[in-house]
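Participant: What follows is a predicted protein model with its sequence.
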Amino acid sequence: MLIAAFFLVLLSRFPARQFILGLFLGLIFLFRFEAGIIVTLSLLLVYRTLPTRQNIFGFLVVWLPVIFNLLIYDTLFNFLYDTIVLGLITQPRAMGQAIPGNALWYVFLSSLIAVLGFALSLAANPDKSLRVIAGISLLSYVSALGRSDEGHLWYALLWFPLLVSYSFTQLGRVRLIPTIIIGVVLFLTSYLIIIVKSPSLFLFIAALSLVVASRFTRFSREIALAGVVTSFLVFHSFAYFTLRFQLPRYTGSLAHPWTQTPAPDSIAGLDFPPTTISTLSQIQSAITGTNPSLFIFPENTIYYEYFTLPRPTRYLYLTGERTTRTENEIIRNLKTTPNLYILVFPDKAAQRGGDIWSWIQSHTKIISTTPYQSTTVELRRFSD
């Protein structure tokens, strides 16, 4: 929403435009830090100048109150550490997931070819505002190269419809040989990105491509057509024959850990120690009866993916702040769920359990206690 508003202001012309651009950029950083980096990088690649005073003033209108609040509560260092170190470096590595080795793999490849072709065609436009939009649209694909599930792919393709609509303006006569050459380059580049699956490599290649494309404005139609045709061939030809005849495809891994095929001891694409999987297996064997349901409290809710049992409530992660209304709703859900098992991490429950933990202790009994890392985990059921 904010980036779309940023696009509209970028394409407009009015006196306070630079101030509003800075304001929206500040809001983008506030709500999604990595999106702010992508927008800033796109602006720098196109304009290659420092921001204006109006840009800075608009940005500071958003961020001065935030920084002031962080300083008051002495949390500025924690904010920077959590946002930059944990958010941009540690979390992408910890949450990385390989691209599925099925038909979705071809969706990743073919969509990247199309995005790359359309974005570079738009980057060849002499209008700098449109080139910024091209950069944002292309660089956003980095979201698909960390935790590479289908949801992150669609998020990475958020601006794809915008690029498709632009491609219709490029209909016309094209030169055949340059189109074929560009198509081959798009395929090889995209294939390298998908195989290596390194966000850093992608950002480098994408930034370099945007700069190069801006110098070849007379090839914009060929680039767009090459993106369409090559993307179509990859999915509807290569994918079809590989899936239809079960042809071999490269499945090896390179140096980056997120390119590796998920290990057997994995949950939702994340690797877990064998001891953790063994603990969960013991707990699963204790869950019996007809149509059991499971409530995990108050954290480690990713284990819902391991047990694949119905959940009694719409609330999942419960270590944060909760309202009384939320707690009462959860307790009502637990009361009315038949054959309910409750998996409790007692140390955390004692710290952040609130009324829910008090109710669980009063109305359920422990049926098994299993070692878990340096502590234990309890499996509970209603008391007789």
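Facilitator: Good, I have the coordinates. Residues are numbered from 1 along each chain as shown.
Participant: can you give me the helices for the stretch 201-350 of the chain?
Facilitator: With helices called from DSSP state H, counting those that start in this stretch, the stretch 201-350 of the chain shows them at 220-233, 239-245, 274-286, 304-307, 324-335, 346-352.
Participant: next structured bit after the last one?
Facilitator: In other words, helix 346-352. From helix 346-352 onward toward the C-terminus, using DSSP states H and E, the following helix or strand is helix 354-363.
Participant: And that next one, what does it pack against?
Facilitator: When contacts are defined as 3 or more CB pairs under 8 Å, 6 or more residues apart in numbering; DSSP states H and E, helix 354-363 sits against strand 293-297, helix 324-335, strand 340-344, helix 346-352. For every residue, glycine as well, the C-beta is placed using N, CA and C.
Participant: Reformat those as a markdown table; add mean pLDDT, mean neighbour count and distance to Asp271.
Facilitator: Shown next, in a markdown table, are those (pLDDT from 0 to 100; neighbours: other CB atoms under 10 Å; distance: least, CB to CB, whole Å):
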| stretch | mean pLDDT | mean neighbour count | distance to Asp271 |
| --- | --- | --- | --- |
| strand 293-297 | 93 | 23 | 20 |
| helix 324-335 | 89 | 15 | 31 |
| strand 340-344 | 94 | 23 | 21 |
| helix 346-352 | 87 | 16 | 22 |
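Participant: about what we covered before: can you list the helices of the stretch 201-350 of the chain in CSV and add distance to Ile56?
Facilitator: Output for the helices of the stretch 201-350 of the chain, formatted as CSV (distance: least, CB to CB, whole Å):
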stretch, distance to Ile56
helix 220-233, 33
helix 239-245, 48
helix 274-286, 49
helix 304-307, 45
helix 324-335, 41
helix 346-352, 41
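Participant: and of those helices, who's closest to Val132?
Facilitator: Proximity to Val132 (CB to CB) singles out helix 220-233 among the helices of the stretch 201-350 of the chain, at 16.0 Å.
Participant: what's the model's confidence in that closest one, averaged?
Facilitator: Computed over helix 220-233, the mean pLDDT rounds to 89.
Participant: now for that helix, which elements pack on it?
Facilitator: Helices and strands touching helix 220-233, by 3+ CB pairs under 8 Å, 6+ apart, are helix 103-123, helix 160-167, helix 176-196.
Participant: Nearest to Pro371, out of these?
Facilitator: Nearest of these (CB to CB): helix 103-123, 37.4 Å.
Participant: thinking again about what came up before, what about the helices and strands packed on helix 354-363, which gets the closest to Val46?
Facilitator: helix 324-335 (45.8 Å).
Participant: Convert the closest one to CSV, retaining C-alpha atoms only.
Facilitator: Extracted in CSV, the C-alpha atoms of helix 324-335 (Å, rounded to 0.1, in the frame of the first residue of the first chain):
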residue,chain,number,x,y,z
THR,A,324,-8.3,-10.4,28.9
ARG,A,325,-10.8,-10.8,26.0
THR,A,326,-8.3,-12.9,24.1
GLU,A,327,-7.5,-15.1,27.1
ASN,A,328,-11.2,-15.7,27.9
GLU,A,329,-11.8,-16.7,24.3
ILE,A,330,-8.9,-19.2,24.3
ILE,A,331,-10.2,-20.7,27.6
ARG,A,332,-13.7,-21.0,26.2
ASN,A,333,-12.3,-22.8,23.1
LEU,A,334,-10.3,-25.2,25.3
LYS,A,335,-13.4,-26.0,27.4
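Participant: follow-up on the earlier one: can I get the helices and strands packed on helix 220-233 in a markdown table including mean pLDDT, mean neighbour count and distance to Ile38?
Facilitator: Output for those, formatted as a markdown table (pLDDT from 0 to 100; neighbours: other CB under 10 Å; distance: least, CB to CB, whole Å):
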| stretch | mean pLDDT | mean neighbour count | distance to Ile38 |
| --- | --- | --- | --- |
| helix 103-123 | 89 | 24 | 12 |
| helix 160-167 | 87 | 17 | 15 |
| helix 176-196 | 92 | 17 | 16 |
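Participant: May I ask which helix or strand encompasses Gly20?
Facilitator: Actually, residue 20 is Ile. It isn't Gly. With DSSP H and E as criterion, Ile20 is part of helix 17-31.
Participant: got the phi/psi numbers for Arg147?
Facilitator: The phi and psi torsions at Arg147 (degrees, to the nearest 10) take the values phi -90, psi 100.
Participant: Specify the beta-bridge partners of it.
Facilitator: Counting by DSSP bridges, Arg147 is bridged to Gln97.
Participant: To Asp355, which of the helices and strands packed on helix 220-233 lies closest?
Facilitator: Nearest of those to Asp355, taken as CB to CB: helix 103-123 at 42.8 Å.
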